[in-house]
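Student: Give the three-dimensional model of this entry:
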Amino acid sequence: MKHTRERKRAALMARAQALIKEFLNWQEQAERPNLTQTEDVALESRARFGQELAATTIADQDTKQPIEAAVCSTYGAALRYKGQKAPTPRAVWRGWRSNGVIVTALAVTAGFSPGPAVGVVGRALE
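Tutor: Sure thing, here's the model as predicted:
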């Protein structure tokens with residue numbers, strides 16, 4: 001559900017004021033806080049307010065994607081995103097002829113061919 005700008009502003013201001021009040025209360029209660037303690041509390045307050053900003057933005061977004069899903073050309077059904085598949089390394093034996101000698105190499109590929117990784121000289125063809 002989308003909220004108006006003023007409503008979001010009021011909610012964020014209330015959260016910021018609560019965090020400021022909490023920080024000032026800590027400052028009054030702490031006896032001679034050093035710089036590290038002050039930085040830790042300030043960073044924690046900033047992180048919590050940042051999370052509130054992000055939550056407000058995410059909650060205001062639509063739940064559906066604004067574009068239509070692609071359609072399968074064969075079956076006509078809507079396609080859906082299944083996530084990204086991790087590349088699976090595979091070994092490929094390659095062989096070529098160089099001056100009458102067969103050279104083979106094992107190349108490990110993960111979606112691309114980096115070229116021969118290891119070369120082994122074989123016997124000449126008869």
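
Student: Would you map the helices across this structure?
Tutor: Ranges of helices in the chain, per DSSP state H, are 5-29, 35-59.

Student: Would you reformat these as CSV and include mean pLDDT?
Tutor: What follows is the helices of the chain, written out as CSV (pLDDT from 0 to 100):
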stretch, mean pLDDT
helix 5-29, 91
helix 35-59, 90
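
Student: and residue 71, which of those helices is closest to it?
Tutor: Comparing those by their distance to residue 71 (Cβ to Cβ), the top pick is helix 35-59, with 29.1 Å. C-beta: built from backbone N, CA, C; applies to glycine.

Student: The closest one to helix 5-29, inter-axis angle?
Tutor: Here helix 35-59 points in a direction 160 degrees away from that of helix 5-29 (axes from the mean of the first three to the mean of the last three Cα atoms, to 10 degrees).

Student: List the buried residues in helix 35-59.
Tutor: 41, 45, 49, 52 (16 or more other Cβ atoms under 10 Å).

Student: who does that helix touch, helix- and strand-wise?
Tutor: helix 5-29 (3 or more Cβ pairs under 8 Å, 6 or more residues apart in numbering; DSSP states H and E).

Student: Can you tell me which of the buried residues of helix 35-59 lies closest to residue 74?
Tutor: Once Cβ to Cβ is applied, the member of the buried residues of helix 35-59 that ends up nearest residue 74 is residue 52, at 47.4 Å.

Student: How many residues are close by the nearest residue to that closest one once chain neighbours are set aside?
Tutor: Nearest residue to residue 52, sequence neighbours excluded (Cβ to Cβ, 6 or more residues apart in numbering): residue 15, at 5.0 Å. Per other Cβ atoms under 10 Å, the neighbour tally for residue 15 reads 17.

Student: Same check on the one 10 residues further on?
Tutor: Residues lying near residue 25 (other Cβ under 10 Å) number 10.
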